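Undergrad: Model the following, please.
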Amino acid sequence: MRTAASNLLMGTFRVGSLKHRGNLVEFYMKLTKNSEQSGDIIKNANKKNRPWCLRGYYILALLELKDITRRYKLGQVQVTALGGVSLSIQDGEYVSIMGPSGSGKSTLLNIIGCLDLPTTGTYIFKDKHMEDLRDGELADIRNRRIGFVFQQFHLLPNLTALENVELPLIYQGVWGKERRERAEAALESVGLGDRINHLPFQMSGGEQQRVAISRAIVGSPSLILADEPTGALDSHSSRNIMEIFQRLNRDMGITVVQVTHEREVALYSRKIYHLRDGIIEKVETINNQGGI
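TA: Residues are numbered from 1 along each chain as shown. A predicted model of the protein is given here:
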């Protein structure tokens, strides 16, 4: 008979070529039954095949927020943008944050992306407390661990698609042939292999957003944060962008967190956090990922 605790660990788990559907404890036992084989499997596993972190019998969160508040002062008035948000996002999840204007969506995304710090509360990302880090350490996490996609693309107008995508790699110290090859591969992965030498004004809005996604993934981040990624696009381009996010999540195991006010967009994810007046009102699980 399974205990209530073991029932919480039910699911489908993969490491390398080994797949197990059932209980995580049983999967762990299968992995360790042949230590030489399991060592090879773990060593050769890539992101696609390890959306879950194994450490003993626990599934670890990629990021965890506990009682996060964010308050601002506007003149003599104190504004509470977040009023005590707690959430946990696992490695390999695809989640949406929804809410009306002024609900705190962008503030929450800025904190998750290490662009802002909470007034109170704890934010743990990849086992590190973000509130304890210096500015340079936060900048390094943003550059190496997190990819950003914005509504307005934010491409440099005088650089080609390839040069825009290369920018994060320059900051990471990647040079020469490797930098170009990685940027080309990122553009090809979103269907822009024939647009690498185009300037932003020579591309449609949907193509520019795909360049922005390429820029976000070229550094092999653990997490993509997307702030209203389809807000400036028509429905056809929006569908293409959301299908790319689904593919990155499904095939590459990249965790995706997106902010949107459009339910059609949110339905591409597997979980929706509904935010209102700076607090999480409810959490909705999506069983059948939909589309625009």
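Undergrad: all contacts plus neighbour counts: C-alpha atoms, from now on.
TA: Will do.
Undergrad: Put the alpha carbons of the helix ranked longest in the chain into PDB.
TA: Identified as the longest helix of the chain according to DSSP state H is helix 235-252. Taking C-alpha atoms only, helix 235-252 is exported to PDB below (Å, rounded to 0.1, in the frame of the first residue of the first chain):
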ATOM      1  CA  SER A 235      -3.000  36.100 -33.800                       C
ATOM      2  CA  HIS A 236      -1.000  34.200 -36.400                       C
ATOM      3  CA  SER A 237       2.300  35.400 -35.200                       C
ATOM      4  CA  SER A 238       1.200  34.900 -31.600                       C
ATOM      5  CA  ARG A 239       0.400  31.300 -32.300                       C
ATOM      6  CA  ASN A 240       3.900  30.800 -33.800                       C
ATOM      7  CA  ILE A 241       5.500  32.300 -30.700                       C
ATOM      8  CA  MET A 242       3.600  30.300 -28.200                       C
ATOM      9  CA  GLU A 243       4.300  27.100 -30.100                       C
ATOM     10  CA  ILE A 244       8.000  27.900 -30.000                       C
ATOM     11  CA  PHE A 245       7.700  28.400 -26.200                       C
ATOM     12  CA  GLN A 246       6.000  25.000 -25.900                       C
ATOM     13  CA  ARG A 247       8.700  23.300 -28.000                       C
ATOM     14  CA  LEU A 248      11.500  24.900 -25.900                       C
ATOM     15  CA  ASN A 249       9.800  23.700 -22.800                       C
ATOM     16  CA  ARG A 250       9.000  20.200 -24.100                       C
ATOM     17  CA  ASP A 251      12.100  19.400 -26.100                       C
ATOM     18  CA  MET A 252      14.800  21.300 -24.300                       C
END
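Undergrad: Residues in contact with that helix: which ones?
TA: With C-alpha atoms under 8 Å, 6 or more residues apart in numbering as the test, helix 235-252 has contacts from 47-48, 92-94, 190, 205-206, 209-210, 229-230, 254-256, 265, 268-269, 291-292.
Undergrad: and what of stretch 136-156?
TA: 113-114, 130, 164, 168, 171-172, 200, 208-209, 212-213, 215-217, 219-232.
Undergrad: again, but for stretch 282-292
TA: Against stretch 282-292 from outside (C-alpha under 8 Å, 6+ apart): 235, 238-239, 242, 264-265, 267-275.
Undergrad: coming back round to it: any buried residues in the longest helix of the chain, and which?
TA: 237-242, 244-246, 248-250, 252 (16 or more other C-alpha atoms under 10 Å).
Undergrad: what does stretch 189-199 give?
TA: Buried, per 16+ other C-alpha under 10 Å, within stretch 189-199: 189-190, 192, 195-196, 199.
Undergrad: same question, stretch 174-191
TA: Within stretch 174-191, the residues that count as buried by 16+ other C-alpha under 10 Å are 174, 179-180, 182-190.
Undergrad: Extract the CA atoms of it and return them as CSV.
TA: Extracted in CSV, the C-alpha atoms of stretch 174-191 (Å, rounded to 0.1, in the frame of the first residue of the first chain):
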residue,chain,number,x,y,z
VAL,A,174,32.3,33.6,-25.8
TRP,A,175,34.3,34.7,-28.8
GLY,A,176,34.9,34.0,-32.5
LYS,A,177,33.6,30.9,-34.3
GLU,A,178,31.8,29.4,-31.3
ARG,A,179,29.8,32.6,-30.7
ARG,A,180,28.7,32.8,-34.3
GLU,A,181,27.8,29.1,-34.5
ARG,A,182,25.8,29.2,-31.3
ALA,A,183,23.9,32.3,-32.5
GLU,A,184,23.2,30.8,-35.9
ALA,A,185,21.9,27.6,-34.2
ALA,A,186,19.6,29.6,-32.0
LEU,A,187,18.1,31.4,-35.0
GLU,A,188,17.8,28.2,-36.9
SER,A,189,15.9,26.7,-34.0
VAL,A,190,13.1,29.3,-34.4
GLY,A,191,13.0,29.1,-38.2
